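Q: Structure for this input, please:
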Amino acid sequence: MANSLPAAVRSGALSQPTLSYFLMFIAIGMVSGILGPSLTHLAEQTGSTMSQIALLFTARALGVMCGAVITGRLLDRFDGHRIILVMILLTLVSMLLVPLSPLLLMMLVIFVLGYAEVSINVGGNLMLMRCYRERSGPYISALHFCFGLGAMTVPLLVVWSLNLSGAVIWSFWAVALLLLMVGLMLFPQPSPSPPETQVAESEDKPVDLPLFLILLLMFSIYVGIEMTYAGWISTYAVLEGLSSSDSAYLVSVFWFSLSIGRLLAIPLLRTGRYMTILLGCFLLAVMMIISLIKGALSLFWITLLFGLSMSAIFPTLFTLGSLLLKLNGKLTGLIFLSCGVGAMVAPSLTGPLIDKFSAAAMPLLLLGMLLVMLLGVVALRLRTRFLYVENDRL
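A: Got it, this is the predicted structure:
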C-alpha cells in the first residue's frame, strides 16, 4: 500500500485514483437510481404485483445496512482498493442478473447489490479522505456531484433501453459495462493508506462519543430530509392542485439543483469555514420550507433553492467528521448506516402523516427536522469548543 501522498495530490493536481473514484461514483449513482424507473417493467417481467415488487426496496435497504457495518471494518484491516474491486465485481454480476431473475432470486440479488453499492460508497469516501486528508472537502463535494450525475442520467438510459428492445435489460448491462471499465482502471493502482498519526490515534485514543453521536444524528436527519423531499414533493404538489406532469418535473429539478450545488460548494469548502457553511445552508433551507408552508413562492423556485441549500451539507459534515474524529472505515461505515436509517424512517413517516393531517404535514415535518439539525450545529460547535479543537475556522 502507498504510505505517502501521491505526487499529484501534493502538487494539487488530480491523481489517477481520484479520476477512477469520480467515474466509479457516476456508476454507483446509476446503480442507486436505476431501480425506480425500472420497477414497473421488472414487475411485468416477473409477473409480480406492485406490493410484491416493492419488497426489492426492503431487500436493498437490508443490504445497505449490512454493507455499511461490515465493509467499514474490513477497510481498516485490508487493502482498500482490493475490497472495492471485490464489491465492483459483486455489483457488476448483480446488474447482469437482475433483469434475468425471477422475483425470489431477484430479492437476493438486490440484497447483494445494496451491500456492494454502499460498500463502494464507504470505500470511495474513505480512500478520497486518505488521499487528500485535511484538503478532502472540495473533492468529497465533487465526488457526490458525480453520484448525483449518475442518478440523474440513468433514467435516460432506461428510456434508451426501452426504445431499443422494449425491456430494461440493456440499461442494466450498460451500467455493468461502465463498472467493468472502472474496475480495470482501479485494479493496477495502489490504495492510499491512512497517515501513521491517524493509525496511532485510532488505536490509542477513544472516539469522543457525544461528538460522534451528534454527527450520526445529523447525517441521519439530513438524508431523511433529502429522501422525504425527493420522494414526496410530487405527491405534495398533486395534492396541492398541480398537474401530474408538472409535479413529476419537480423531482428532476431537485436532483439537478442538488448536484449543481455540490459543484458550487467546492470553492466554499476550500475556505474551511465549515460551521458558517452549515448555518448558511440551514437558514436558506428553513426559509424555503417556510415559503412552502406560506405559499410565498412557486414550487419550482422553492424546489430549486431548497436543493441548493441542501447540496453542501453532506460533504461539509463529512469533512468535519474527518477533521474532528479522524474517520476510519468502522466510523465511516456507521455514518452510512445512520444515513440508511434516515432514508428509511423519515419518508415512511410522511405517508401516514399526510393521510391523517393532509398534505400540509409534509413541510411541517421537514421544518421540524431542519430545526433539529440547526440545534445539532450548535451542539457540534459547543462540543468542539469543549474539546479545544485547534482549528478556529471550524
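
Q: The helix or strand encompassing residue 370 packs against which elements?
A: Residue 370 is part of helix 361-386, with elements assigned from DSSP states H and E. In terms of contacts (3 or more C-beta pairs under 8 Å, 6 or more residues apart in numbering; DSSP states H and E), helix 361-386 is packed against helix 209-239, helix 274-294, helix 329-357. Glycine gets a C-beta too; all of them are placed from N, C-alpha and C.

Q: give me that answer again for 10 Å
A: Secondary structure elements in contact with helix 361-386, counted by 3 or more C-beta pairs under 10 Å, 6 or more residues apart in numbering; DSSP states H and E, are helix 209-239, helix 274-294, helix 299-311, helix 313-325, helix 329-357.

Q: mind listing what's buried in the third one?
A: Which is helix 299-311. Neighbour-count burial for helix 299-311 flags 299, 302, 303, 304, 305, 306, 307, 308, 309, 310, 311 (criterion: 16 or more other C-beta atoms under 10 Å).

Q: Take stretch 346-358, keep the C-alpha atoms, and write them as CSV.
A: Written as CSV, here are the backbone C-alpha positions of stretch 346-358 (Å, rounded to 0.1, in the frame of the first residue of the first chain):
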residue,chain,number,x,y,z
ALA,A,346,-38.4,9.8,7.6
PRO,A,347,-40.0,9.1,4.2
SER,A,348,-42.1,6.2,5.7
LEU,A,349,-43.5,8.5,8.3
THR,A,350,-44.6,11.1,5.7
GLY,A,351,-47.3,9.0,4.1
PRO,A,352,-49.2,8.3,7.3
LEU,A,353,-48.9,11.9,8.4
ILE,A,354,-50.3,13.1,5.1
ASP,A,355,-53.2,10.6,5.4
LYS,A,356,-54.0,11.9,8.9
PHE,A,357,-53.3,15.6,8.7
SER,A,358,-53.4,16.4,4.9
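
Q: hmm, who's touching that stretch?
A: The set of residues external to stretch 346-358 that reach it, using C-beta atoms under 10 Å, 6 or more residues apart in numbering, is 220-232, 235-236, 239-240, 359-362, 364-366, 369.

Q: show me the contacts for residue 176.
A: Taking C-beta under 10 Å, 6+ apart, we find residue 176 in contact with 27, 31, 91, 92, 93, 94, 95, 96, 97, 98.

Q: Just the element for it, please.
A: Under the criterion of DSSP H and E, residue 176 resides in helix 169-186.

Q: how about that helix: buried residues?
A: Of the residues in helix 169-186, those buried under the neighbour-count criterion (16+ other C-beta under 10 Å) are 169-176, 178-179, 182-183, 185-186.

Q: what residues go with each domain of the protein?
A: Structural domains assigned to the chain are 12-193, 201-386, following automatic domain parsing.

Q: ok, so what distance separates residue 342 from residue 226?
A: Taking C-beta to C-beta, to the nearest Å as the measure, residue 342 and residue 226 are separated by 8 Å.

Q: ok so, going back, can the buried residues of helix 169-186 go into JSON lines with extra columns for distance to residue 62 and pLDDT?
A: Shown next, in JSON lines, are the buried residues of helix 169-186 (distance: C-beta to C-beta, whole Å; pLDDT from 0 to 100):
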{"residue": "169", "distance to residue 62": "25", "pLDDT": "89"}
{"residue": "170", "distance to residue 62": "28", "pLDDT": "92"}
{"residue": "171", "distance to residue 62": "24", "pLDDT": "89"}
{"residue": "172", "distance to residue 62": "21", "pLDDT": "92"}
{"residue": "173", "distance to residue 62": "25", "pLDDT": "93"}
{"residue": "174", "distance to residue 62": "27", "pLDDT": "93"}
{"residue": "175", "distance to residue 62": "22", "pLDDT": "93"}
{"residue": "176", "distance to residue 62": "22", "pLDDT": "93"}
{"residue": "178", "distance to residue 62": "25", "pLDDT": "93"}
{"residue": "179", "distance to residue 62": "22", "pLDDT": "93"}
{"residue": "182", "distance to residue 62": "25", "pLDDT": "92"}
{"residue": "183", "distance to residue 62": "25", "pLDDT": "92"}
{"residue": "185", "distance to residue 62": "30", "pLDDT": "91"}
{"residue": "186", "distance to residue 62": "27", "pLDDT": "90"}
